[in-house]
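Enquirer: just a sequence and a predicted model for now, questions to come.
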Amino acid sequence: MGMAIAALAVCGCARGEADGGARAQAPRREIEEAPPRRPPPPMTGADSARDLARIAARADSVRTAFARARPLGAREVGELRQDVNAGQIATAQRLGIRSSDSTRITALQREGRLVFLGDSTAWWVLRDMDHSVPFATPDARAMLAELGRRFHARLDRLGLPRYRMKVTSALRTAETQADLRRTNSYASRTVSAHEFGTTVDVSHERFAVPAGVGEMEADTLEEIGKANAKVLQAELGRAIAEMRDEHALHVMMENQQPVYHMTVARHFP
């Protein structure tokens with residue numbers, strides 16, 4: 001991967017022109033980055049005991065709520081595996097842009113045709129983006145934000161914490177796609193929908209803890225989330241299925257890579 005692409009891929013790093021421009025182009029305030037999690041202030045022994053008791057009670061409540069939920073059924077999984085790669089590529093070509101290299105990415109960002117996804121928002125965090133950069137079209141970012149809202153609404157109804165999605169792949173250039181082919185036999189051998197800024201991969205095995213929780217509570221919720229990943233996978237999948245039925249996105253629930261591979265299917269306001 002070229003040095004310029006690698007530099008862009010490190011989100012939250014040298015927040016220079018590329019990052020600053022994307023932030024300026026963000027379509028709505030509510031999809032700005034979430035504040036970083038801070039360690040709790042020093043506590044007295046009594047404060048610590050009360051906090052530990054509160055976290056333990058919360059953990060019991062969360063485990064009970066997870067026990068009432070259900071994983072995806074076979075029919076639901078089948079519905080999430082209907083949008084084949086060729087169809088997603090055709091939509092990506094129709095609605096997206098083509099970014100051949102990092103210079104082109106910067107130009108498209110200045111024009112407002114690409115926006116920065118954000119390292120950490122209320123709905124997602126970025127993870128393991130070794131062969132892509134954290135940019136998307138405004139429509140794709142709006143799709144992801146709407147999906148996050150619906151995912152959280154479903155978790156609210158179940159009495160579950162607002163776990164967040166982990167975005168593992170976004171925009172790829174021809175260069176980064178070629179690099180991926182050398183290490184991943186499942187990568188597209190021709191063009192990829194990821195090359196048009198319309199497509200993101202979101203893990204369906206791992207989820208991030210809610211934004212803004214304290215460090216001790218985050219550790220507890222992370223452990224519980226890992227143990228109940230199938231429920232989180234299901235609720236995210238059902239939110240995705242709703243949007244697919246509304247012709248807002250295409251989705252493929254992949255096996256080889258544990259992700260929901262999604263392409264925005266229409267323009268968002």
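Expert: Perfect, thanks for sending it.
Enquirer: next secondary structure after the helix or strand containing Thr220?
Expert: Using DSSP states H and E, the element containing Thr220 is helix 215-227. Next along the chain after helix 215-227, taking DSSP H and E as the criterion, comes helix 229-245.
Enquirer: residue boundaries of the helices in the stretch 1-150 of the chain?
Expert: Here the stretch 1-150 of the chain has its helices, by DSSP state H, counting those that start in this stretch, at 3-9, 17-25, 45-68, 74-79, 85-95, 102-110, 138-158.
Enquirer: list the buried ones in stretch 49-57?
Expert: Ile55 (16 or more other C-beta atoms under 10 Å). Glycine gets a C-beta too; all of them are placed from N, C-alpha and C.
Enquirer: export it to PDB, keeping only CA atoms.
Expert: Output of stretch 49-57 as PDB, limited to C-alpha atoms (Å, rounded to 0.1, in the frame of the first residue of the first chain):
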ATOM      1  CA  ALA A  49     -18.000  -0.300  46.800                       C
ATOM      2  CA  ARG A  50     -21.100   1.500  45.700                       C
ATOM      3  CA  ASP A  51     -19.900   1.700  42.100                       C
ATOM      4  CA  LEU A  52     -19.000  -2.000  42.000                       C
ATOM      5  CA  ALA A  53     -22.400  -2.900  43.400                       C
ATOM      6  CA  ARG A  54     -24.100  -0.700  40.700                       C
ATOM      7  CA  ILE A  55     -22.100  -2.300  37.900                       C
ATOM      8  CA  ALA A  56     -22.800  -5.800  39.200                       C
ATOM      9  CA  ALA A  57     -26.500  -5.100  39.400                       C
END
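Enquirer: how far does that stretch sit from the chain's center?
Expert: What separates the centre of stretch 49-57 from the centre of its chain is 31 Å, taken as C-alpha atoms, centre = their mean, to the nearest Å.
Enquirer: still on that earlier bit, rank the helices of the stretch 1-150 of the chain by mean pLDDT and give me the bottom one.
Expert: Lowest mean pLDDT within the helices of the stretch 1-150 of the chain: helix 17-25, a mean of 34.
Enquirer: taking the centroid of the protein, which residue is nearest it?
Expert: Val167 (3.0 Å; C-alpha atoms, centre = their mean).
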